[in-house]
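Peer 1: what's the 3D shape of this:
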Amino acid sequence: MVLAPALLAAGRASGDWPTFRGDNARSGRADRPISDSPAHLWKAELGGSVDGSPVVVGGRVFVGTNQGVFAAVAAESGELLWRAQLDGAICSAAGLAGDDRLLVGTSRRRLYCLSTQGALLWQARAWDAVVASPLVVGDLCIWGSMDGVLHATRVADGSTAWERTLAGGIGAAPSGAGDVVYAADERGVVWALRVSDGQVLWQRETGCLGMAAPVVADDTLLVPLVSPTQLSPPKVPYLVALDRTTGEVRWQVTEARSVFASPLQGAQGLLYVSVEGYLSETFLRCQSADGGSEVWKQRLAGVVDSSPAMAGQRVYFGAQDGCLYVADSSSGAVLARVQLATKVFSSPALDGGRLYLGAKDGCLHCLQ
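Peer 2: You can find the predicted model right below:
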């Protein structure tokens with residue numbers, strides 16, 4: 001089975017990065033790489049750890065902090081354009097709806113809708129924290145909360161279109177293709193639901209925790225999973241490929257490992273970061289497209305929560321050692337390791353040959 005690059009989300013302009021991992025498929029792919037020796041162009045001080053991931057639209061970067069600040073920054077210069085104080089920590093990327101609305105969740109059980117000029121338009125509430133990035137499909141925003149409810153809210157006015165209770169908390173961003181949304185919950189169940197009415201099309205139990213967004217790749221859904229225990233992790237299916245239509249398992253890779261970040265499609269196979277063992281040893285790995293063999297692996301210095309992005313043959317991600325990594329997708333060789341802060345949880349956004357990444361130092365960083 002050969003996997004071709006996933007399609008961009010409908011309405012995405014060339015160069016924009018309007019949602020988590022760039023598109024609704026959560027492909028993490030961009031057109032233009034940055035330098036193999038990245039230079040810092042600017043950093044914008046926002047206050048509070050910038051753990052959420054940036055989105056880039058129309059020359060502006062939008063990102064939130066763990067102090068509830070949601071800000072717009074000029075992509076060219078790093079100038080702060082506006083900031084809005086929301087209630088609760090912002091742990092994930094916003095989603096763009098239309099040309100002028102942003103949807104962003106917070107730890108205080110809220111989904112906010114802001115204009116791209118910073119005006120509050122409406123807010124919706126859940127029963128628990130909203131830590132996963134939303135999915136925007138047409139006039140609906142589909143978002144999960146840690147109470148296990150998947151919500152579909154009308155972007156125009158914040159009214160509820162439908163709600164569906166899943167098996168466990170939703171800490172991973174849903175992905176989508178056409179009229180289907182895919183979600184993985186923390187009870188280890190992967191769901192396919194119809195966007196228009198929330199009807200369950202299929203569900204698949206995995207036995208592991210879904211803590212990172214599944215990735216749509218043509219007719220396959222790639223699901224990263226986390227072991228239910230970290231002290232003595234058993235051998236578990238930590239990377240699973242499901243048939244998007246039926247939910248049947250096409251292949252799975254089983255070992256005492258966990259994957260906390262979404263995978264990528266590379267020319268040689270699937271790229272992902274594994275964390276394993278009592279000491280949380282971390283590796284960047286490449287798995288063949290049919291799941292049958294490992295192509296290469298590269299040991300890393302820090303645990304990775306940041307979902308990698310790719311442009312050309314280069315892979316970019318942050319790590320808990322506070323660095324931005326640049327790696328070669330054909331071998332895993334680390335080409336650059338740029339110290340930004342003490343820790344990086346944010347996933348990178350790529351736009352026009354620049355990379356934007358939040359860090360624990362309270363700054364949004366821009367590198368080229």
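
Peer 1: ok, residue 59 touching residue 75?
Peer 2: Yes: between residue 59 and residue 75 there is a contact under C-beta atoms under 8 Å: 5.0 Å. Every C-beta, even on glycine, is put in place using the N, C-alpha and C of the backbone.

Peer 1: who has more neighbours, these two?
Peer 2: Taking neighbours as other C-beta atoms under 10 Å, residue 59 and residue 75 compare with residue 75 leading, 22 against 12.

Peer 1: who touches the more buried one in this structure?
Peer 2: 56, 59-61, 351-352, 354, 356, 366 (C-beta atoms under 8 Å, 6 or more residues apart in numbering).

Peer 1: And the residues you listed, which is closest to residue 276?
Peer 2: Of all these, residue 276 sits closest to residue 356, with 29.8 Å by C-beta to C-beta.

Peer 1: just checking, next helix/strand downstream of the helix or strand containing the closest one?
Peer 2: Secondary structure assigned from DSSP states H and E places residue 356 in strand 354-358. The helix or strand immediately downstream of strand 354-358 is strand 363-367, counting by DSSP H and E.

Peer 1: Direction included, what does that following strand pair against?
Peer 2: Strand pairing for strand 363-367, determined by DSSP bridges: strand 40-45 (antiparallel), strand 354-358 (antiparallel).

Peer 1: May I ask which helix or strand encompasses the nearest residue to residue 248 once chain neighbours are set aside?
Peer 2: By the measure of C-beta to C-beta, 6 or more residues apart in numbering, the closest residue to residue 248 outside its immediate chain neighbours is residue 242, 6.8 Å from it. Using DSSP H and E, residue 242 sits within strand 236-243.

Peer 1: For the helix or strand just after that strand, which residues meet the burial criterion?
Peer 2: Where DSSP H and E defines the elements, the next helix or strand beyond strand 236-243 is strand 249-255. For strand 249-255, burial by neighbour count (16 or more other C-beta atoms under 10 Å) applies to 250-253, 255.

Peer 1: Would you reformat those residues as TSV and include pLDDT and distance to residue 283?
Peer 2: Below are those laid out as TSV (pLDDT from 0 to 100; distance: C-beta to C-beta, whole Å):
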residue	pLDDT	distance to residue 283
250	97	23
251	97	20
252	95	18
253	94	13
255	92	11
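
Peer 1: closest one to residue 27 among the strands paired with strand 363-367?
Peer 2: strand 354-358 (16.3 Å).

Peer 1: what does the closest one rub up against?
Peer 2: Defining contact as C-beta under 8 Å, 6+ apart, one finds that strand 354-358 is touched by 17, 34, 38, 41, 49-54, 56, 61, 63, 65, 75, 306, 309, 316, 318, 324, 340, 344-350, 364-368.

Peer 1: what is the mean pLDDT for it?
Peer 2: The average pLDDT for strand 354-358 rounds to 98.

Peer 1: can you dump the C-alpha coordinates of it into CSV?
Peer 2: Listed next in CSV are the C-alpha coordinates belonging to strand 354-358 (Å, rounded to 0.1, in the frame of the first residue of the first chain):
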residue,chain,number,x,y,z
ARG,A,354,9.3,30.6,8.0
LEU,A,355,8.6,28.5,11.0
TYR,A,356,6.6,29.7,14.0
LEU,A,357,6.7,27.9,17.4
GLY,A,358,5.7,28.7,21.0
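
Peer 1: where does that strand sit relative to the chain's centre, distance-wise?
Peer 2: 14 Å (C-alpha atoms, centre = their mean, to the nearest Å).

Peer 1: next one: stretch 221-240
Peer 2: The chain centroid and the centroid of stretch 221-240 are separated by 18 Å under C-alpha atoms, centre = their mean.

Peer 1: Now it: buried residues?
Peer 2: Buried residues in stretch 221-240 (16+ other C-beta under 10 Å): 221-227, 233, 236-240.

Peer 1: That stretch: end-to-end distance?
Peer 2: 8 Å (C-alpha to C-alpha, to the nearest Å).

Peer 1: Kindly tell me how buried the closest residue to residue 288 other than its chain neighbours is, as a neighbour count.
Peer 2: Nearest non-adjacent residue to residue 288, counting by C-beta to C-beta, 6+ apart: residue 269, 4.6 Å away. Using other C-beta under 10 Å, residue 269 has 23 other residues around it.

Peer 1: what about residue 269, distance to residue 329?
Peer 2: Using C-beta to C-beta, to the nearest Å, residue 269 is found at 10 Å from residue 329.

Peer 1: Now do the shared contacts for those two.
Peer 2: Common neighbours of residue 269 and residue 329 are listed as residue 286 (criterion: C-beta under 8 Å, 6+ apart).

Peer 1: sorry, back to before: and the two most separated of the buried residues of stretch 221-240?
Peer 2: The two members of the buried residues of stretch 221-240 with the most space between them (C-beta to C-beta) are 221 and 233, at 23.6 Å.

Peer 1: before we move on, back to that, and the residue nearest to residue 248, how many neighbours?
Peer 2: 24.

Peer 1: Over to residue 288?
Peer 2: Neighbours around residue 288, by other C-beta under 10 Å: 15.

Peer 1: doesn't residue 124 make contact with residue 157?
Peer 2: No: with contacts counted by C-beta under 8 Å, residue 157 stays clear of residue 124, the gap being 10.2 Å.

Peer 1: Compare those two and say which one has the larger neighbour count.
Peer 2: Neighbours per residue, other C-beta under 10 Å: of residue 157 and residue 124, the larger number sits with residue 124, 21 against 9.
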